[in-house]
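Enquirer: Would you be able to build a 3D model of this:
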Amino acid sequence: MLVGRVLNTEVNMNEIVYIRLLNEGVLVYRPVPAMRVTSDVYVVGGADIYDPEDETWEFPPGAHVVVQKRAIESGGEAVLIATGNA
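Expert: From the prediction side, this is the model:
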């Protein structure tokens, strides 16, 4: 038995990555918890908030994504945007 080992990866989801929502008619992002793997690769969390019947995420929970820091609003603060699969 491994004492103190964290098996639930959701516990380590300490950053926010913005995931594009598909089929919305306009450009929309969902802020989702994520865990950094490297400087530009993250694992998408959010299994507890993901409802595929309600919205379609470009990258589902568990996906490894490449991120870029950019503003999603004109003049807005730069955030981490998922841009592709890692």
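
Enquirer: switch to C-alpha atoms for all contacts and neighbour counts from now on
Expert: Will do.

Enquirer: Output the below-cut-off pLDDT ranges for the protein.
Expert: Within the chain, the stretches with pLDDT under 70 are 1-12.

Enquirer: just the strands in this structure please.
Expert: Assigned by DSSP state E, the strands in the chain fall at 15-22, 28-36, 41-44, 56-57, 64-71, 78-85.

Enquirer: export the first one as CSV, just CAs?
Expert: Written as CSV, here are the backbone C-alpha positions of strand 15-22 (Å, rounded to 0.1, in the frame of the first residue of the first chain):
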residue,chain,number,x,y,z
GLU,A,15,-4.8,25.7,-13.2
ILE,A,16,-7.5,26.9,-15.6
VAL,A,17,-7.4,26.3,-19.4
TYR,A,18,-10.1,27.7,-21.7
ILE,A,19,-11.7,25.0,-24.0
ARG,A,20,-13.6,26.1,-27.1
LEU,A,21,-17.2,25.0,-27.2
LEU,A,22,-18.4,23.6,-30.5
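
Enquirer: Pull the residues that contact that strand.
Expert: Strand 15-22 has contacts (CA atoms under 8 Å, 6 or more residues apart in numbering) with 27-36, 44, 55-59, 67, 79-82.

Enquirer: Filter these down to the buried ones and hand me the PyMOL line.
Expert: Only the buried entries of the contacts of strand 15-22 go into this PyMOL selection, using 16 or more other CA atoms under 10 Å:
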select buried, resi 29+32+33+34+35+36+44+56+57+58+59+67+79+80+81+82
